[in-house]
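S.K.: structure of the sequence below:
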Amino acid sequence: MTTTDLHVNGRTVEIERADKELFPDEGITKADLADHYRKVGRRILPHLRDRPLMLERYPDGIDGIRLVQKDTPGYFPDWVRRSELPKEGGTVHYPLCDDLATLLYLVGQACVTPHRWLSKADRPDHPDRLVFDLDPPTEDFEPAREAARLLRPLLDELGLPATLMTTGSRGLHVTVPLDRRAPFDEVRSFARDVADLLAARHPDRLTTAARRQARGGRLYLDLQRNGHGQTTVTPYAVRALPGAPVAAPLNWEELDDPALTARRWTIATVDELLAAADPWAAPARGRSLAAARRRLEKL
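M.R.: Presented below is the predicted three-dimensional model:
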């Protein structure tokens, strides 16, 4: 097994077992994964910076054991920032990823996918994101596309801008920027009321029923991400799935592309994604839920 030294941000990041195949069917190695994250670094880092992370690690490749890591081990270098946050019976030292050196170090730990909190470490109880997770009930992607088309006009009615992203797994994320005034409980309650209204408008296609048996083949408007300590996949992150798909931010116009699927882009095709303008380059300012709540009550 080989070791590769990467020089970035004035640091030397050592990638041990760089030739270890993390995606055996595609022959994608740890070095290839590092190359991907180095390539997308400028775009992914703004979505990671200052946020507690959950690391999805596969030391023996994606066919091996899956490790979900929240606490930062003592052997991580001092320059990897931590955020100490309470949990029942103690605290957790979550890793933060503020620069490319840290991101590549995490790859060296066989982190295939970094998952981020919806809040930042300085105000962990107050999210600056609200996420609607649109996963179709089957492998057919069309219900996710349709749900996004139905959701966006309702958010427009509420005065809430929204961004769109393929998850690299099964569906889409629709994300609303918030001003960090509302705590998680209030955000989740608001999201629930929006989803209930949308499902009431389209009862044949959408549901908020938590029990799978009660969904009747309809797309479930999943709001579980909007809770304290919950995470979402980071834009441009690789998923531990065959083909090494990548979570990809979209323009809303791309929703009409017949070739669009949740796994439309992969490590192998990410250059095509990066060649286009960044659809999230000019983020909308975070909105207040107070004004949106008043509009929702009128509906």
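
S.K.: how about the backbone phi and psi for the nearest residue to residue 231 once chain neighbours are set aside?
M.R.: Closest residue to residue 231 in three dimensions, ignoring its sequence neighbours and counting by Cβ to Cβ, 6 or more residues apart in numbering: residue 115, at 3.8 Å. All C-beta spots, glycine's among them, are computed from the backbone N, C-alpha and C. Dihedral pair for residue 115: phi -110, psi 130, per degrees, to the nearest 10.

S.K.: what's opposite residue 115 in the beta bridge?
M.R.: residue 54, residue 233 (DSSP bridges).

S.K.: which helix or strand contains residue 36?
M.R.: helix 30-39 (DSSP states H and E).

S.K.: now the residue nearest in space to the middle of the chain: how far from residue 98?
M.R.: Residue closest to the mean C-alpha point of the chain, counted by Cα atoms, centre = their mean, is residue 233 at 2.1 Å. According to Cβ to Cβ, to the nearest Å, residue 233 stands 19 Å off from residue 98.

S.K.: do residue 201 as well
M.R.: Plainly put, residue 201 is 42 Å away from residue 98 if you go by Cβ to Cβ.

S.K.: settle it for me: which of these two has more neighbours?
M.R.: A count of neighbours by other Cβ atoms under 10 Å puts residue 98 above the other of residue 201 and residue 98, at 16 against 13.

S.K.: so the more buried one sits against residue 51, correct?
M.R.: No. Judged on Cβ atoms under 8 Å, residue 98 makes no contact with residue 51 at a distance of 9.6 Å.

S.K.: end to end, how far does stretch 256-271 reach?
M.R.: Stretch 256-271 has an end-to-end distance of 21 Å (Cα to Cα, to the nearest Å).

S.K.: hmm, I typed the wrong one, I wanted stretch 128-148.
M.R.: Across stretch 128-148, first to last residue, Cα to Cα, it's 20 Å.

S.K.: just stretch 71-85 next, same as before
M.R.: Start-to-end, stretch 71-85 (Cα to Cα) is 10 Å.

S.K.: list the contacts of it.
M.R.: Residues outside stretch 71-85 that contact it (Cβ atoms under 8 Å, 6 or more residues apart in numbering): 11, 52, 91-96, 98, 101-102, 105, 121, 124.

S.K.: ok, now stretch 37-46?
M.R.: 6, 8, 97-100, 103-104, 107, 234-238, 270-271, 274, 278.

S.K.: ok, now stretch 113-124?
M.R.: Contacts of stretch 113-124 (Cβ under 8 Å, 6+ apart): 47-48, 50-56, 83, 85, 94, 96-97, 103, 106, 125-131, 180, 184, 225-226, 228-234, 237-240.

S.K.: can you tell me which of these are buried?
M.R.: When the contacts of stretch 113-124 are checked for burial by 16 or more other Cβ atoms under 10 Å, the buried set is 47-48, 50-56, 83, 85, 94, 96-97, 103, 106, 126-131, 180, 184, 225-226, 228-234, 237-240.

S.K.: which parts of stretch 118-125 are buried?
M.R.: Buried, per 16+ other Cβ under 10 Å, within stretch 118-125: 118-121, 124.

S.K.: in these, find the pair that's most separated.
M.R.: 118 and 121 (12.1 Å; Cβ to Cβ).

S.K.: tell me the mean pLDDT over the helix ranked longest in the chain?
M.R.: Scanning the chain for the longest helix, with DSSP state H as the assignment, gives helix 184-201. Helix 184-201 comes out with an average pLDDT of 97.

S.K.: and it, what does it pack onto?
M.R.: strand 129-135, helix 142-157, strand 206-207, strand 219-222, helix 289-298 (3 or more Cβ pairs under 8 Å, 6 or more residues apart in numbering; DSSP states H and E).

S.K.: output the ones you listed in JSON lines, with mean pLDDT appended to each entry.
M.R.: Below are these laid out as JSON lines (pLDDT from 0 to 100):
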{"stretch": "strand 129-135", "mean pLDDT": "97"}
{"stretch": "helix 142-157", "mean pLDDT": "98"}
{"stretch": "strand 206-207", "mean pLDDT": "96"}
{"stretch": "strand 219-222", "mean pLDDT": "96"}
{"stretch": "helix 289-298", "mean pLDDT": "94"}
